[in-house]
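A.B. asks: I'd like to go over a predicted model; first the sequence, then the structure.
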Amino acid sequence: MRLVRRAHFVRGFSLAAMAAAIAVVSTAEAAAQFGGRGKGYAPGRAGFATQRAVPAPNVSRMPRAATMPSAGSKYPGRAGLPQRSAATKPTHPEAGGTRRPPRMPTGPVVGERVPPHDGGVRPPRPGWPNRPGYGPIVGPGVVIGSGVAIGTGVAIGSAVAAPPPPPQFGGSGGSGAGGPPLAGPAINVPPANEQRFIPNEVVLEFAGNVPAQAIADLARRHRLARLDQLSLANTNSTYFRVRIADGRPVRAVLAGLRGETALRAGQPNYLYLVAQPASDAAATFTPPEPATPQPVPAAAAAGALPAQLGDPAQYALTKLRLQEAHGLTRGNNVLVAVIDSGIDASHPELRGVIAGTFDALQKTEKPHVHGTAMAGTIAARSRLSGVAPAARILAIRAFGASGGSVEANTFAVLKSIDHAMGQNARIINMSFAGPADPGFARALAAAHARGIVLVAAAGNFGAKAPPQYPAADPNVIAVSATDANDRLFAASNRGNHIAVAAPGVDILVAVPGPNYDLTSGTSVAAAHVSGVVALILERQPSLSPDAVRRILLATAKDLGPAGRDDQFGAGLADAYGALLAIESRAVAAPANAPGPSAR
């Protein structure tokens, strides 16, 4: 009997000892997990991520001083908190203590300086924000972590969020609109869905004149072969067009250039297409002979309007009110640069119109339909009447045949803009469309600053297409197209960057041959507006590009919904109304009109 009692006593003593040991080990593990914060026993604390969030009002009212350590403090973030006496500290439950709710730890304040590890101040533990259930504290009163509490009493989700990364130039969307990086070159990596660029080339931009050896060293490091070079005094830039020698993807090559501090910028060699299809086939349309004007008594002819303009098929002349406008001005000697495909300078409509030519491609090709049609729309002066028949055309060929399309690249367009600026063009017509291009955008900004009016086709990609460039550039006047009944051309791009509309459906144009044809698209609509701008600038040469924009928008005929809209912009361009506005000096910037600073 005594032996049995002794065995029960030993077994009971062993079980009690094991329970005490487990309790001690559990307490030690909890203390180790939380870095020694809180010496009492707090069962379930490790699973705090599954509990409800600390009420946001308590967080938002936390004094700012409580979020930063003070000199001599044992733990960061404890300064200013009420000190507890030994009697109020939580104790082990078996010793009669009670469990207190866990207190949200205070970590480093993102964006504020962490004190150095001296004077008895311990810097925040790096691992703190990543422990289960905790996130970094961003500013006073904003806790990001499990059960995110933002502001007062609003809990959002359970994911851990991080502060936004610093903005990167061109890293998202390929537009370059994110701002320059903190250091290194501005690298424009196109988004995954953007494929309009030459697959084995990149364009590199350097500030000023770079030593040849530096370029050679960079090319050798990145396995690149130089193809072409361009120095632009207007932007103090030197551009290099280089080929990727070993077949690596363009995006990978650009990503590898981020550490090149001598480099100002890098980007793909983007591709642009003319903003309406055109065929090199001979035109079959033959315009009717112009009607013979009837004799008019001299008395009746005094002060009368000019004789009937152009061809009867040119309904755009009436829509733009050019009959009346040509009674005031015809765009005499205003230089319009047309960046396009090859122009047939020998066409009867363009005899005496071409002031000069420039070939950015430096290869032989025959004149093309598109470029000839755009030049004739602006300044034709034979059977047809251009919008500004006394203007001069600077014919710049940047677009060449490539398979079944006509395209240009970034490098050719940069050369073209630079040449137009060097020849003191007053207007640059760009009847083409393509992706956002940061190098091209800088060239357009330089041209705008020089007082050149920039006009571009909105594009023919339809209602759901994203904005196309250069039309969507803030320094450019974007033009959509309308038909003879003032309805929007179905394929015309839309958007809040559209400034005005102009006729662009079934337009009679000159094409090589010499021949004539009918064409539709925003390309010819942009050419119409370039001609209107030439009339404006002959009448008032001192107008700035922004002043010209305001005149066009203030005098346009409203179409579609009342006021400005994404289809027609301010409305149908009105050449005669614009000239009258100059005469009256009553033009003011429309309150709801898009301007360079609004896009």
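C.D. replies: Structure received. Numbers count the residues shown, from 1 in each chain.
A.B. asks: would you put the C-alpha positions of whatever helix or strand Ile551 lives in in CSV?
C.D. replies: Using DSSP states H and E, Ile551 maps to helix 545-555. Presented in CSV, the C-alpha positions along helix 545-555 are these (Å, rounded to 0.1, in the frame of the first residue of the first chain):
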residue,chain,number,x,y,z
PRO,A,545,1.4,78.8,-81.4
ASP,A,546,-0.8,79.0,-78.4
ALA,A,547,-2.5,82.2,-79.7
VAL,A,548,-3.2,80.4,-83.0
ARG,A,549,-4.7,77.5,-81.1
ARG,A,550,-7.0,79.9,-79.2
ILE,A,551,-8.1,81.5,-82.4
LEU,A,552,-9.0,78.2,-84.0
LEU,A,553,-10.9,77.0,-81.0
ALA,A,554,-12.7,80.2,-80.3
THR,A,555,-14.0,80.5,-83.9
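A.B. asks: in it, what's buried?
C.D. replies: Using 16 or more other Cβ atoms under 10 Å as the test for burial, helix 545-555 gives 545, 547-555. Placement of C-beta: from N, CA and C, glycine included.
A.B. asks: what's the answer for stretch 220-237, then?
C.D. replies: Buried, per 16+ other Cβ under 10 Å, within stretch 220-237: 222, 224, 228, 230, 232, 234-235, 237.
A.B. asks: nearest to Ala313, of these?
C.D. replies: Minimum distance to Ala313 across the buried residues of stretch 220-237 is 41.3 Å, recorded for Asn234 (Cβ to Cβ).
A.B. asks: for that closest one, what are its contacts?
C.D. replies: Asn234 is in contact with 418, 421, 443, 446-447, 450, counting by Cβ atoms under 8 Å, 6 or more residues apart in numbering.
A.B. asks: ok, now with 10 Å
C.D. replies: Going by Cβ atoms under 10 Å, 6 or more residues apart in numbering, Asn234 touches 417-418, 421-422, 442-443, 445-447, 449-450.
A.B. asks: that one belongs to a helix?
C.D. replies: No. Counting by DSSP: H, G, I helix; E, B strand; the rest coil, Asn234 is not part of a helix but coil.
A.B. asks: now do it against Gly266, distance only.
C.D. replies: 20 Å (Cβ to Cβ, to the nearest Å).
A.B. asks: repeat for Ala573
C.D. replies: Relative to Gly266, and taking Cβ to Cβ, Ala573 is found at 39 Å.
A.B. asks: and the next element down the chain from the helix holding Ile551?
C.D. replies: Defined by DSSP H and E, the subsequent element after helix 545-555 is helix 575-584.
A.B. asks: by contact count, what packs against that following helix?
C.D. replies: Here helix 575-584 touches helix 322-325, helix 522-539, helix 545-555, going by 3 or more Cβ pairs under 10 Å, 6 or more residues apart in numbering; DSSP states H and E.
A.B. asks: need these in TSV with distance to Ala412, can you?
C.D. replies: Listed next are the helices and strands packed on helix 575-584 as TSV, based on distance: least, Cβ to Cβ, whole Å:
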stretch	distance to Ala412
helix 322-325	33
helix 522-539	18
helix 545-555	23
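A.B. asks: closest one to Asn200 among those?
C.D. replies: Closest to Asn200 of the helices and strands packed on helix 575-584, according to Cβ to Cβ: helix 522-539, at 29.1 Å.
A.B. asks: what are the C-alpha coordinates of that closest one, in CSV please?
C.D. replies: The C-alpha coordinates for helix 522-539 follow below in CSV (Å, rounded to 0.1, in the frame of the first residue of the first chain):
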residue,chain,number,x,y,z
THR,A,522,-7.6,62.4,-90.6
SER,A,523,-4.5,63.0,-92.6
VAL,A,524,-6.2,65.2,-95.1
ALA,A,525,-8.2,66.9,-92.3
ALA,A,526,-4.9,67.9,-90.6
ALA,A,527,-3.6,69.3,-93.9
HIS,A,528,-6.8,71.4,-94.2
VAL,A,529,-6.1,72.9,-90.8
SER,A,530,-2.4,73.5,-91.6
GLY,A,531,-3.6,75.6,-94.5
VAL,A,532,-6.0,77.6,-92.3
VAL,A,533,-3.0,78.3,-90.0
ALA,A,534,-1.0,79.6,-92.9
LEU,A,535,-3.8,82.1,-93.7
ILE,A,536,-3.9,83.2,-90.0
LEU,A,537,-0.1,83.7,-89.9
GLU,A,538,0.0,85.7,-93.1
ARG,A,539,-2.6,88.0,-91.6
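A.B. asks: nearest residue to Asp359 in space, please, no chain neighbours.
C.D. replies: Spatial nearest neighbour of Asp359, excluding adjacent residues (Cβ to Cβ, 6 or more residues apart in numbering): Arg397 at 4.9 Å.
A.B. asks: Asn200 now?
C.D. replies: Ile244 is the one closest to Asn200 (Cβ to Cβ, 6+ apart), at 4.8 Å.
A.B. asks: my read: that neighbour touches Phe197, true?
C.D. replies: No. With contacts counted by Cβ atoms under 10 Å, Ile244 stays clear of Phe197, the gap being 11.7 Å.
A.B. asks: which of those two has more neighbours?
C.D. replies: Phe197 (23 against 19; other Cβ atoms under 10 Å).
A.B. asks: just checking, that one touches Asp437?
C.D. replies: Yes. In this structure, Phe197 is within contact of Asp437 by Cβ under 10 Å, at 9.2 Å.
A.B. asks: name the residues contacting each of these two.
C.D. replies: With Cβ under 10 Å, 6+ apart as the test, Phe197 and Asp437 both reach 174, 190, 203, 267-271, 409-410.
A.B. asks: greatest separation within those residues: which pair is it?
C.D. replies: Across the shared contacts of Phe197 and Asp437 (Cβ to Cβ), the longest gap, 15.2 Å, separates Gly174 and Asn409.
A.B. asks: now the helices for the stretch 301-450 of the chain?
C.D. replies: With DSSP state H, counting those that start in this stretch as the criterion, the stretch 301-450 of the chain has helices at 315-319, 322-325, 369-379, 410-422, 438-449.
A.B. asks: what's the helix holding Ile551 packed up against?
C.D. replies: For helix 545-555, the packing partners by 3+ Cβ pairs under 10 Å, 6+ apart are helix 438-449, strand 453-457, strand 477-482, strand 498-503, helix 522-539, helix 575-584.
A.B. asks: what angle do it and strand 477-482 make?
C.D. replies: Angle of helix 545-555 versus strand 477-482, following axes from the mean of the first three to the mean of the last three Cα atoms, to 10 degrees, is 30 degrees.
A.B. asks: helix 545-555 - what's its average pLDDT?
C.D. replies: The average pLDDT within helix 545-555 is 98.
A.B. asks: low-confidence ranges, the protein, go.
C.D. replies: 1-183, 276-307, 585-599 (pLDDT under 70).
A.B. asks: please parse it into its domains.
C.D. replies: Per automatic domain parsing, the structural domains of the chain span 133-162, 186-271, 308-598.
A.B. asks: with respect to burial, which of these scores highest?
C.D. replies: domain 308-598 (a mean of 22; mean count of other Cβ atoms under 10 Å).
A.B. asks: neighbours of Gly184, just the number please.
C.D. replies: Counted with other Cβ under 10 Å, Gly184 comes out at 15.
A.B. asks: out of everything not next to it in sequence, what's closest to it?
C.D. replies: The shortest distance from Gly184 to any non-neighbouring residue, by Cβ to Cβ, 6+ apart, is to Arg258 (5.4 Å).
A.B. asks: next, that neighbour: secondary structure please.
C.D. replies: Arg258 - assigned by three-state DSSP - is coil.
A.B. asks: that one against Val189, yeah?
C.D. replies: Yes. Under the criterion of Cβ under 10 Å, Arg258 makes contact with Val189 at 9.4 Å.
A.B. asks: so what's the nearest residue to Asp566 once chain neighbours are set aside up against?
C.D. replies: Spatial nearest neighbour of Asp566, excluding adjacent residues (Cβ to Cβ, 6+ apart): Arg494 at 4.5 Å. Contacts for Arg494 (Cβ under 10 Å, 6+ apart) come out as 458-459, 461-465, 467, 480, 488, 565-569.
A.B. asks: checking my notes, Arg494 in a helix, right?
C.D. replies: No. The assignment for Arg494, made by three-state DSSP, is coil rather than a helix.
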